[in-house]
Every structure is written in structure tokens, then in C-alpha cells.
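# Structure for the following, please:
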Amino acid sequence: MPANLPLVSIVTPSYNMAEYLPETIESVFSQDYPHIEYLVIDGGSTDGTLQILDRYAGRLTYSSEPDRGPSDAAHKGFRQARGEIFAWICADDAYLPGAVSAGVEYLLAHPDVDVAYGEGWWTDSAGAVIGRYPTLPFDAKTLERDCFLCQPAAFIRASSYRRCELDPTVKMSYDYDLWIRMAKAGFRFASIPQYMANSRIHTGSLTINQRTRVFQASMALLQRHYGYVPFQWIFGYTAYRLDGRDQFFQPLQPSVWKYLASLPVGLWTNRRKPFRFLAEWIAAPFRAWKRR
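Numbers count the residues shown, from 1 in each chain. Okay, the predicted model is just below:
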């Protein structure tokens with residue numbers, strides 16, 4: 001790696017995550033990359049977070065005040081950041097050893113790339129690995145159906161980010177919103193075949209404890225950006241409303257009733273493109289059969 005290393009600014013949005021925050025902070029400070037600026041933007045926690053941050057005074061910069069959620073906090077952090085490369089890692093996630101170095105090395109070696117992202121692991125509340133985060137090589141068409149970038153394993157050129165910033169008004173799936181807007185604007189993404197981060201999934205995470213809102217926000221995002229919500233989202237949402245299974249710790253259980261119920265939901269959601277959805281709905285059982 002060259003002697004004149006770029007400064008990497010890492011932002012952690014945090015709110016009442018004292019249980020997990022020390023692991024996140026230590027995962028940043030244990031990186032072998034020597035030139036890191038670390039900012040923790042807290043939303044006014046009342047659970048001991050400030051006492052934890054005080055212990056790291058002088059090693060990181062932090063603020064604590066009410067905000068509009070993690071997207072607003074990350075947005076504030078990047079507005080303050082001085083680095084040439086940006087990354088954000090939430091207060092319940094963690095970097096793996098060598099993650100920052102890998103991200104920087106890739107961006108230095110590929111000056112045409114705006115966002116580089118690595119592989120990740122899903123971990124539980126105790127930090128045990130549940131499985132692989134479902135990352136994929138970048139494809140803009142696939143992004144229309146699925147968010148396959150592991151956000152804590154992503155590194156963004158600051159110059160690119162400043163041309164397409166996080167939207168602080170998007171409270172759910174805000175990383176997906178950013179990737180979609182960057183992809184539509186022609187920014188270049190590349191995947192790194194290295195495990196770089198752990199993404200924690202637990203009962204306190206938004207993904208699980210606000211499942212309905214996450215589904216609705218993600219579908220609204222797809223409708224806003226692409227004018228269409230694919231069958232997989234409609235079926236997942238319908239199944240959740242019928243059986244309450246979170247589809248992570250409690251896997252999705254398909255049934256004929258759920259499949260039939262997804263038709264009116266999908267036609268209403270995609271009422272401007274009903275025939276497209278109907279064709280996808282009819283084809284779905286055949287695609288599932290072929291995968292067996």
C-alpha cells in the first residue's frame with residue numbers, strides 16, 4: 001500500500017445500543033489500517049452509551065442529540081467527515097480484521113469504481129455466525145429486485161458520496177435507497193471476494209421488530225424508483241401478514257393460500273402495471289419447481 005494513505009472516515013449511527021456498541025468500536029480500532037477518522041453520531045441515548053463513548057474520548061469524535069433516525073445520523077456524520085473514503089457501520093455490527101485495508105486497496109487499484117463492497121456474515125445477538133450475508137456481484141437489474149450489498153462491508157469514495165448523499169428523510173431501507181439512486185445515476189460498484197463485516201440480526205433490530213414497516217418501506221422504495229414491486233416482495237409481505245413469521249429466524253413457509261392471497265395484494269400495489277405482475281405471479285410456481 002502506498003505511503004501517502006487516504007484518510008478513511010467511518011461513521012457509526014447509534015441509539016440505545018450500549019449492549020453492542022463496544023464491540024463495534026473495538027472492531028474499528030483493531031483494524032490494521034493506520035489512517036482512520038471515527039465519528040459516532042448518537043441520537044440521545046439513555047442506556048449508558050455516553051459513558052461508553054466517554055471511555056474512548058480522544059480516540060473518536062462523538063455527539064449525542066435527538067435525530068430522525070440512523071439515516072439522519074449517518075448523514076450528519078458524513079457532513080462532518082474529512083476523509084477521502086467513507087464507510088458507515090451501525091452500532092450493532094462489526095468489522096472483520098483487514099476490512100478497511102481491503103476496501104482502500106481495492107479503490108486505490110480501481111480508480112473507476114465509486115463503491116466497493118465485500119462479503120459479510122449474519123450474526124446473532126451473541127455474535128455467533130448464523131450464515132452468509134446474501135451478497136452478489138453487482139448488477140443494476142438485480143438491484144431492482146433485491147438489496148444484495150452488505151452495507152457495513154461497503155466503502156465509498158467521498159467525492160462520489162457528496163454527489164449522491166444519504167437521504168435523511170428515508171427512515172427504513174435507507175442504504176438500499178442510496179444504492180439504487182447511485183446505480184441509476186451511473187455510479188460504478190464492484191464486489192470484493194473477502195469477508196469484511198458482521199451484520200447482526202436480533203430481536204431488537206429494525207429488520208425484525210418492525211417487520212411490517214420494513215416491508216412497506218422497501219416496497220414503497222421500489223415503487224418510487226422503478227414503478228414496480230416484484231413478486232418476491234409481494235409474496236413475502238403477504239405471507240408475513242398472514243402468519244407473522246419473520247422469515248429470518250422463522251423461515252418463510254409457502255402455501256397455496258398465501259400464494260393466492262398475494263395476487264390481489266400485488267395487483268393493487270402494481271395497479272399501473274397489473275399485467276406484468278400477473279405474468280410474474282403465474283410464472284412463480286414454475287420457477288420454484290425448477291429450483292428443486
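
# now stretch 77-86: how far from the chain's centre is it?
18 Å (Cα atoms, centre = their mean, to the nearest Å).

# Dump that stretch to PDB, keeping only the CA atoms.
C-alpha atoms of stretch 77-86 as PDB (Å, rounded to 0.1, in the frame of the first residue of the first chain):
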ATOM      1  CA  GLY A  77     -21.600  12.200  10.300                       C
ATOM      2  CA  PHE A  78     -20.600  12.300   6.700                       C
ATOM      3  CA  ARG A  79     -21.300  16.000   6.500                       C
ATOM      4  CA  GLN A  80     -18.600  16.400   9.200                       C
ATOM      5  CA  ALA A  81     -16.200  13.800   7.800                       C
ATOM      6  CA  ARG A  82     -12.900  14.800   6.300                       C
ATOM      7  CA  GLY A  83     -11.800  11.600   4.700                       C
ATOM      8  CA  GLU A  84     -11.300  10.600   1.000                       C
ATOM      9  CA  ILE A  85     -13.100   7.300   1.600                       C
ATOM     10  CA  PHE A  86     -16.400   7.000   3.600                       C
END
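
# Mind listing what's buried along it?
G77, F78, A81, G83, E84, I85, F86 (16 or more other Cβ atoms under 10 Å). All C-beta spots, glycine's among them, are computed from the backbone N, C-alpha and C.

# One more: stretch 230-247?
P230, F231, W233, I234, F235, G236, Y237, T238, A239, Y240, Q247.

# Put together TSV for those residues, with pLDDT and secondary structure on each row.
Formatted as TSV, the buried residues of stretch 230-247 follow (pLDDT from 0 to 100; DSSP: H, G, I helix; E, B strand; the rest coil):
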residue	pLDDT	secondary structure
P230	97	coil
F231	97	helix
W233	96	helix
I234	97	helix
F235	96	helix
G236	95	helix
Y237	96	helix
T238	97	helix
A239	95	helix
Y240	95	helix
Q247	88	coil
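
# how close does T24 get to R145?
Separation of T24 from R145 (Cβ to Cβ, to the nearest Å): 30 Å.

# For stretch 253-266, which outside residues touch it?
Identification of contacts with stretch 253-266 by Cβ atoms under 8 Å, 6 or more residues apart in numbering yields 229, 231, 234-235, 237-239, 242-243, 245, 277-278, 281, 284-285, 288.

# mind checking pLDDT for T203?
Looking at T203, its pLDDT stands at 74.

# Hmm, it is touching N209, no?
Yes. T203 lies in contact with N209 (Cβ atoms under 8 Å); the separation is 6.1 Å.

# The host helix or strand of P264: which residues count as buried?
Using DSSP states H and E, P264 sits within helix 256-269. For helix 256-269, a neighbour-count test (16+ other Cβ under 10 Å) marks K258, Y259, A261, S262, L263, V265, G266, L267, T269 as buried.

# Could you point out the helix or strand that follows it?
helix 274-291.

# quick one: contacts of the helix or strand where E119 lies?
Per DSSP H and E, E119 falls inside strand 115-123. Residues outside strand 115-123 that contact it (Cβ under 8 Å, 6+ apart): 94, 99, 102-103, 106-107, 110, 129-133, 135, 149-150, 152-157, 160, 179, 182, 187-201.

# For the stretch 101-250 of the chain, which segments count as helices?
140-143, 158-161, 174-184, 206-209, 211-226, 231-243 (DSSP state H, counting those that start in this stretch).
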